[in-house]
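Enquirer: okay, sequence plus prediction incoming.
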Amino acid sequence: DTGVSQNPRHKITKRGQNVTFRCDPISEHNRLYWYRQTLGQGPEFLTYFQNEAQLEKSRLLSDRFSAERPKGSFSTLEIQRTEQGDSAMYLCASSLAGPYNEQFFGPGTRLTVL
Amino acid sequence: RKEVEQDPGPFNVPEGATVAFNCTYSNSASQSFFWYRQDCRKEPKLLMSVYSSGNEDGRFTAQLNRASQYISLLIRDSKLSDSATYLCVVNGRRSGNTPLVFGKGTRLSVIA
């Protein structure tokens, strides 16, 4: 399977704990995006990378969130001191830099904060 | 005004029916437009990119009206497997390589 992959698929944690998610994009894609989706809403943009450079961060991304893409391939999203409001599906997408920006999504990581 | 607005539905239609969804967007500088399909508890999957005045892919037709800032999706001969949430998506900037802005989605149920 050469699509976007994400791990873990599900994560249950207690409030205050740190969690880290991983995304492996489609291999030839140089752009990687993180989104968050809650029930009844469309995905909301968090941050994106072109190669290893983080080019934009949403105001949704509080100081407790950090993302990296150290070698321009896979990316990690860390949430420190999780809160119940962080419970959501975290989606990763990748694309080729170009005029149309067609993004392809991974299966997501569903986070539940107790 | 929200950046991308859709009627949430649900649209309940019988098999074989034709159904149309509309979506409006607020940023006149937007350049790229898409319809994604999302099944329950799954990731969004790209259904169609919408180019210039629109395009067709089998039973699906997408139209773009830049002057009125709306996008439509027409599904002909609905199948049970078309039941899903359809997300209207806009690239919010003049440059193509930027994050997407999603509507909340329109839920479709195709009934036997």
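Expert: All right, it came through fine. Residues are numbered from 1 along each chain as shown, chains lettered A, B, ... in the order given.
Enquirer: contacts and neighbour counts: CA atoms only from here.
Expert: OK.
Enquirer: just grab the bridge partners of residue B:65 for me.
Expert: Listed beta-bridge partners, residue B:65: residue B:70 (assigned using DSSP bridges).
Enquirer: ok, now how distant is it from residue A:51?
Expert: 34 Å (CA to CA, to the nearest Å).
Enquirer: okay, these two: which has more neighbours?
Expert: Neighbour tally, residue B:65 and residue A:51, criterion other CA atoms under 10 Å in any protein chain shown: the higher count belongs to residue A:51, 18 against 13.
Enquirer: what pLDDT does that one get?
Expert: Residue A:51 is assigned a predicted lDDT (pLDDT) of 93.
Enquirer: quick check: nearest residue in space to residue A:61, chain neighbours excluded?
Expert: Computed as CA to CA, 6 or more residues apart in numbering or on different chains, the closest residue to residue A:61 that is not its neighbour in sequence is residue A:46, at 5.8 Å.
Enquirer: could you confirm that neighbour falls within a strand?
Expert: Yes. Secondary structure assignment places residue A:46 in a strand (DSSP: H, G, I helix; E, B strand; the rest coil).
Enquirer: contact partners for it?
Expert: The neighbours of residue A:46, taking CA atoms under 8 Å, 6 or more residues apart in numbering or on different chains as the test, are A:33, A:34, A:35, A:36, A:57, A:58, A:59, A:60, A:61.
Enquirer: sheet partners, orientation included, of the helix or strand bottoming out on mean pLDDT in chain A?
Expert: Ranked by mean pLDDT, DSSP states H and E, the helix or strand of chain A with the weakest confidence is strand A:53-57, at a mean of 91. Using DSSP bridges, strand A:53-57 pairs in its sheet with strand A:44-50 (antiparallel).
Enquirer: what parts of chain A come near chain B?
Expert: A:33, A:40-45, A:48, A:91, A:97-108 (CA under 8 Å from any CA of the partner chain).
Enquirer: how about 6 Å then?
Expert: Along chain A, the residues adjacent to chain B under the rule CA under 6 Å from any CA of the partner chain are A:41, A:42, A:99, A:100, A:101, A:107.
Enquirer: just the buried members of these?
Expert: For those, a neighbour count by 16 or more other CA atoms under 10 Å in any protein chain shown gives the buried set as A:42, A:100, A:101, A:107.
Enquirer: and the least confident of the residues you listed?
Expert: residue A:100 (72).
Enquirer: just say helix, strand or coil for it.
Expert: Counting by three-state DSSP, the backbone at residue A:100 sits in coil.
Enquirer: and it, how far from residue B:49?
Expert: Per CA to CA, residue A:100 is found 8 Å from residue B:49.
Enquirer: swap in residue B:62?
Expert: With CA to CA as the criterion, residue B:62 and residue B:49 are 8 Å apart.
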